[in-house]
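Peer 1: sequence and predicted model, in that order:
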Protein chains: 2
Amino acid sequence: MKCRVCRAPAVIDIRRHNAGFCADCFMKHCRDQVGRAIHDLEMIHPGEKVLVAVSGGKDSLALWDVLIQLGYHADGLYLGLGIGSYSDESGDYARAFARRREAELIEIDIRESYGFDIPSGARAAKRVPCSACGLSKRHLFNQAARQHGYDVVATGHNLDDEAAVLFGNVLRWDAAYLGRQLPVLPASHGFARKVKPLIRLGERETAAYCVLGNIDYIVEECPMAAGNKHLGYKDALNQIEVQSPGSKAAFYFGFLDRVSSLFTPVADVEREGLRPCVGCGEPTTAELCAFCKLVAKATVTQ
Amino acid sequence: MKCRVCRAPAVIDIRRHNAGFCADCFMKHCRDQVGRAIHDLEMIHPGEKVLVAVSGGKDSLALWDVLIQLGYHADGLYLGLGIGSYSDESGDYARAFARRREAELIEIDIRESYGFDIPSGARAAKRVPCSACGLSKRHLFNQAARQHGYDVVATGHNLDDEAAVLFGNVLRWDAAYLGRQLPVLPASHGFARKVKPLIRLGERETAAYCVLGNIDYIVEECPMAAGNKHLGYKDALNQIEVQSPGSKAAFYFGFLDRVSSLFTPVADVEREGLRPCVGCGEPTTAELCAFCKLVAKATVTQ
């Protein structure tokens, strides 16, 4: 197979585009896809400061790298979640990337700052670890962006992630979740703008971007995620994608283009009910936000 | 495990109900579920004549049996589709059931009546066999119901079928299909009412109903269906169901309860555009209906 762009021998093929690429054209293809998502959906405006949610995995490091390459002011935020050697190692990858690119990396260690870690906190709060982790990340990324003056939080959710989340939301027809599953959530009610610039790239592509771009990343999945529902949704969609290449992109982009607006009224109603958490001041629909509740439960029992 | 109802030893368990049943209570459970679907969704009114679309498989024979048991006037319609020994054998099962129940079975052989069979017709019309077959069935069941004075056509689509069709429609976000994927389509514009009374039963349950009820049916899948997308959707959902029992029912019934109405305006617009086919008088959005086009293409080349 030859590169679709320059006709050199291809090193990677992307079935849903029915195209192969050489290494250089593939890297450019990735940057173009991210640039197109940012431009078409007005994710980041010129001169804005971007805070990249960095886990040390392929997606967040590829995202950070592309944003730097595209000329954005993009700093990283790494959260120490206290998930044993997985956290130690993923932090090392994030720090090594920042050093090499001379980029700024903010670090928050939840054990040091809040007195718990994800495995024990989830147990104490009787939450699935991925749920405790997700809510902590959303809370801390938003808080840090506002405290440090960033205009926008960028996360490394790729096409596979978003399609799997959409599949889960559709299986339950969760109207509020469907209404806010957008690649751009505008700043409002105490939330910084949140954007997902990798939605036009699959996870095979972000992995290839890192490999071809000499970016070292933590290859293992988080040990807490094993057997979670999200991975089951990904597997099921992968099976469909093999049967009909392009299904995943058609599913996700068809939703964005033609369906998500049907559900936004439900999400809007929920947003209207937001008020500052009495504990931390971050927006919440309850008196105490989910993160403050988690901290309270996690630290009482330690 | 014990029967949920009578505490006798269970012979079947249904994971999404988290319950086991003995044979008698299981048969009653199936009749109750069908009765509940018919009642709640007003599928069939007292005194109406029902035409059951009979393939000779587990679903259609279970449906026919339950409708007779529930006291409905239910006759069968079997279509000879000309799919080799599969058609011969499935017709034998349909006839044997009708004889045993002293029920009336109408038969239409498309080779005799229209001069083609599904395999060669699909080839000639350059259609996937399941597509040519589906449109022929919809056309002929509707036509027969109106010609023979039936109030309603009942088909054996079960929960697995409907969830898989819904999944396919959702993957493409096909608004018109989503808007008319209902268990009851009221009579209108030349269409007889169409109902799916088995939506509360999975295919494992209809199979068990036939086995425990001594109803012989054709066990093989139609040979034309091998590898079709619908089976791929079923496999993917089965994988999800193993991970979270009840997902399939939540997906399908959540759609009916909370979402399908969002899409009905699109289907309504399409229905407004219906007019009689110039060939056969059946409703269509084109000048010549899809069935008449299929007949024309299939018979020209034979």
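Peer 2: The structure has been received and is ready for your questions. Numbering: from 1, shown residues only, chains lettered A, B, ... in the order given.

Peer 1: residues of chain A that sit close to chain B?
Peer 2: Those residues of chain A that sit near chain B, judged by C-beta under 8 Å from any C-beta of the partner chain, are A:170-173, A:175, A:229, A:232-233, A:235-237, A:239-240, A:243-244, A:247, A:250-251, A:254-255, A:258-259, A:262. C-betas here are computed from N, CA, C, even on glycine.

Peer 1: can I get the buried part of those as one ChimeraX selection?
Peer 2: Burial among these is assessed by 16 or more other C-beta atoms under 10 Å in any protein chain shown; the matching ChimeraX selection reads:
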select /A:170,171,173,175,229,232,233,236,237,240,243,247,251,254,255,259,262
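
Peer 1: I'd say A:Ser260 and A:Leu182 touch.
Peer 2: Yes - with contacts defined as C-beta atoms under 8 Å, A:Ser260 counts as touching A:Leu182 at a distance of 6.5 Å.

Peer 1: overlap in contacts of the two?
Peer 2: When C-beta atoms under 8 Å, 6 or more residues apart in numbering or on different chains defines a contact, no residue borders A:Ser260 and A:Leu182 alike.

Peer 1: quick one, helices of chain A?
Peer 2: A:23-40, A:58-69, A:84-101, A:110-114, A:118-124, A:129-147, A:159-172, A:175-180, A:203-212, A:229-243, A:247-254, A:260-272, A:290-300 (DSSP state H).

Peer 1: just name the most buried of these.
Peer 2: Of those, the one with the most neighbours on average (mean count of other C-beta atoms under 10 Å in any protein chain shown) is helix A:58-69, at a mean of 25.

Peer 1: the worst-scoring helix or strand of chain A on mean pLDDT versus helix A:159-172: what angle between them?
Peer 2: The helix or strand of chain A with the lowest confidence, counting by mean pLDDT, DSSP states H and E, is helix A:260-272 at a mean of 81. Regarding helix A:260-272 and helix A:159-172, their directions subtend 80 degrees when assessed with axes from the mean of the first three to the mean of the last three C-alpha atoms, to 10 degrees.

Peer 1: tell me the confidence at A:Thr301?
Peer 2: Among the per-residue scores, A:Thr301 shows a pLDDT of 54.

Peer 1: bridged to the residue nearest to A:Ile106 when sequence neighbours are not counted, which residues?
Peer 2: Of all residues beyond its chain neighbours, the one nearest A:Ile106 is A:Leu77 (4.7 Å), with distances taken as C-beta to C-beta, 6 or more residues apart in numbering or on different chains. Beta-bridge pairing for A:Leu77 (DSSP bridges): A:Ala53, A:Ile106.

Peer 1: mean confidence score for stretch A:50-66?
Peer 2: Confidence for stretch A:50-66, expressed as mean pLDDT, is 98.

Peer 1: one more: stretch A:138-148?
Peer 2: Predicted confidence along stretch A:138-148 averages 95 (mean pLDDT).

Peer 1: which residue does the stretch 1-150 of chain A have closest to chain B?
Peer 2: Residue of the stretch 1-150 of chain A nearest chain B, by C-beta to the nearest C-beta: A:Val128 (12.6 Å).

Peer 1: ok, that residue - how many residues close by?
Peer 2: 14 (other C-beta atoms under 10 Å in any protein chain shown).

Peer 1: for A:Pro223, same thing?
Peer 2: Other residues near A:Pro223 come to 12 when the count uses other C-beta under 10 Å.

Peer 1: model confidence score at the nearest residue to it once chain neighbours are set aside, please.
Peer 2: Beyond its immediate neighbours in the sequence, the residue positioned closest to A:Pro223 (C-beta to C-beta, 6+ apart) is A:Tyr86, lying 5.6 Å away. Note on A:Tyr86: pLDDT of 90.

Peer 1: before we move on, what about A:Ala226?
Peer 2: pLDDT, A:Ala226: 82.

Peer 1: tell me how far it lies from B:Leu274.
Peer 2: Look at A:Ala226 and B:Leu274: by C-beta to C-beta, to the nearest Å, they are 52 Å apart.

Peer 1: quick one on the thing from earlier: can you pull the contacts of the residue nearest to A:Ile106?
Peer 2: Counting by C-beta under 8 Å, 6+ apart, A:Leu77 touches A:51-54, A:105-108, A:140-141, A:144.

Peer 1: could you rerun that using 7 Å?
Peer 2: Remark: with contacts taken as C-beta atoms under 7 Å, 6 or more residues apart in numbering or on different chains, A:Leu77 is in contact with A:51, A:53-54, A:106, A:141, A:144.

Peer 1: touching, A:Thr264 and A:Tyr177? I think so.
Peer 2: No - using C-beta atoms under 7 Å as the test, A:Thr264 is too far from A:Tyr177 to be in contact (11.7 Å).

Peer 1: how about A:Gly179: what's its closest non-neighbour residue?
Peer 2: Once flanking residues are discounted, A:Gly179 sits nearest to A:Ala267: 2.9 Å by C-beta to C-beta, 6+ apart.

Peer 1: tell me who's in contact with the one you found.
Peer 2: A:Ala267 makes contacts with A:176, A:179-180, as judged by C-beta under 7 Å, 6+ apart.

Peer 1: can you rerun that using 10 Å?
Peer 2: A:175-182, A:185, A:260 (C-beta atoms under 10 Å, 6 or more residues apart in numbering or on different chains).

Peer 1: now, which of these sits nearest chain B?
Peer 2: Comparing the contacts of A:Ala267 against chain B with C-beta to the nearest C-beta picks out A:Ala175 as the nearest, at 6.7 Å.

Peer 1: now that closest one: how far from A:Cys222?
Peer 2: Summarising the geometry, the distance separating A:Ala175 from A:Cys222, computed by C-beta to C-beta, is 29 Å.

Peer 1: likewise for A:Ala74?
Peer 2: Distance, A:Ala74 to A:Cys222, using C-beta to C-beta: 23 Å.

Peer 1: looking at those two now, which is surrounded by more residues?
Peer 2: In terms of neighbours (other C-beta under 10 Å), A:Ala74 is the more surrounded of A:Ala74 and A:Cys222; the figures are 26 against 19.

Peer 1: tell me the pLDDT at that one?
Peer 2: On pLDDT, A:Ala74 comes in at 98.

Peer 1: residue of the stretch 51-200 of chain A nearest chain B, please.
Peer 2: Ranked by C-beta to the nearest C-beta, the top residue of the stretch 51-200 of chain A for proximity to chain B is A:Trp173, at 3.8 Å.
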